[in-house]
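S.K.: I need the structure of the sequence given here:
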Amino acid sequence: MAFFSAQPPYLSPAVPFSGLIQGGLQDGLQIHVNGKVLYSSGTRFSVNLQTGFSENNIAFHFNPRFEDGGYVVCNTKQNGSWGHEERKRQMPFQMGKPFELQFLVQCSGFRVVVNGSPFVQYSHRVPWRHVDTISVAGAVQLSYISFQTQTVIHTVQSVPGQMFPNPTIPPMVYPNLSYPMPYFTSISGGLYPSRTIIVLGTVLPSAQRFHINLRSGSDIAFHLNPRFNENTVVRNTQIKGSWGSEERSLPRAMPFSRGQSFSVWIMCESHCLKVAVDGQHLLDYCHRLKNLCAIDNLEVAGDIQLTHVQT
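M.R.: Numbering: from 1, shown residues only. Below you'll find the model as predicted:
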């Protein structure tokens, strides 16, 4: 099974945050909450999966508390009344440190994974299909909240811009909850002003480099290439097999870090591409290939785990 986007992510939302889960909870839905625990905003935070924006009916309350040595409370609230707390005397989060929190919805309950390691199972106490909202509050800063669903897919040819199921090969299972790499997909209709491409992922701990390419046929209209051994982000264009001049200067520090999650937004404007990383503008890249609608394929490859793509 592979995981594909169920709805667009919430990027850098302000806390406290409440947002709809489009279509409500489904068996196999994966919810990723990426952020950082803050020092100065209290000693606890919570993620609630609830019905509506009122907090009267919370199917799953996940509440890390940095008190008494650190522990995590799980609970359910029905009609304004809390049930029996389930406490786990273990603290997988660190103050001031980033985290990746994943909720997998199953028929039997919620499975929670923190920073890639299974943490807790919580059995359903109320009808979980009524849940349609996620809320986050407390001592955290959010990078993004994203949604993925399980889908069985067939092996595909790794050819830029082509994803043809091969009926002679049985479905493959991708055990890591991410997209297969390298990843290729079409950009339906090509680029045009206001069109935005979103790529979310996590840099591998030993990463050297990765790239995001916007392609026009065999040409690469935009090559975004973070290089960790050089501590910079290289940009370029390749036409008929030949690279142009590299652009390397950055207005701020290298925004990508080994072992950390990231979000990249690439917004097309009439004269350039604007790139933001983790919600902050990073650079502009003037178009070198002017036929924007012909830029109709996306390629992502290199030393990352890819968790979400929106074109």
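S.K.: tell me the pLDDT of P167.
M.R.: P167 is assigned 34 on the pLDDT scale.
S.K.: same check on P13?
M.R.: Here, the pLDDT recorded for P13 equals 88.
S.K.: same thing with V156?
M.R.: pLDDT, V156: 37.
S.K.: go on, E67?
M.R.: Looking at E67, the pLDDT reads 91.
S.K.: can I see the domain layout of the protein?
M.R.: The chain is divided into the following domains under automatic domain parsing: 2-151, 183-310.
S.K.: mind telling me which of those domains the model trusts least?
M.R.: For these, the weakest mean pLDDT is recorded on domain 2-151, namely a mean of 90.
S.K.: dump the domains of the chain into JSON lines; add mean neighbour count as well.
M.R.: Just so you know, the C-beta spots here come from the backbone N, C-alpha and C atoms, and that holds for glycine as well. Listed next are the domains of the chain as JSON lines, based on neighbours: other C-beta atoms under 10 Å:
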{"stretch": "domain 2-151", "mean neighbour count": "17"}
{"stretch": "domain 183-310", "mean neighbour count": "17"}
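S.K.: is C293 in a helix, a strand, or coil?
M.R.: helix (DSSP: H, G, I helix; E, B strand; the rest coil).
S.K.: give the contact list for it.
M.R.: Contacts for C293 were tallied using C-beta atoms under 8 Å, 6 or more residues apart in numbering; they are 189-192.
S.K.: taking those as a set, which two sit the farthest apart in space?
M.R.: G189 and L191 (8.4 Å; C-beta to C-beta).
S.K.: shared neighbours of these two, anything?
M.R.: Shared contacts of G189 and L191, counting by C-beta under 8 Å, 6+ apart, come down to 293, 296.
S.K.: wouldn't L306 be in contact with T185 here?
M.R.: No - using C-beta atoms under 8 Å, L306 makes no contact with T185, being 10.8 Å away.
S.K.: and after the longest strand anywhere in the chain, which helix or strand comes next?
M.R.: Across the chain, the longest stretch assigned as strand under DSSP state E is strand 140-151. Counting by DSSP states H and E, the next helix or strand C-terminal to strand 140-151 is strand 183-186.
S.K.: that following strand pairs with which strands, parallel or anti?
M.R.: In the sheet containing strand 183-186, its partner strands are strand 297-302 (antiparallel), by DSSP bridges.
S.K.: can you list contacts of the strand it pairs with?
M.R.: By C-beta under 8 Å, 6+ apart, the surrounding residues in contact with strand 297-302 are 160-161, 179, 181-187, 197, 199, 201, 207, 209-216, 306, 309, 311.
S.K.: ok, now stretch 73-80?
M.R.: 50, 55-63, 65, 82-88, 120, 122, 125-126.
S.K.: now with 7 Å, please.
M.R.: Under the contact criterion C-beta atoms under 7 Å, 6 or more residues apart in numbering, stretch 73-80 has outside partners 55-63, 65, 82-83, 85-87, 120, 122, 125-126.
S.K.: find the centremost residue of the chain, please.
M.R.: Residue closest to the average C-alpha location in the chain (C-alpha atoms, centre = their mean): L200, at 4.1 Å.
S.K.: if you skip the residues just before and after it, what's nearest to that one?
M.R.: H308 (3.8 Å; C-beta to C-beta, 6 or more residues apart in numbering).
S.K.: this completes my enquiry, with thanks.
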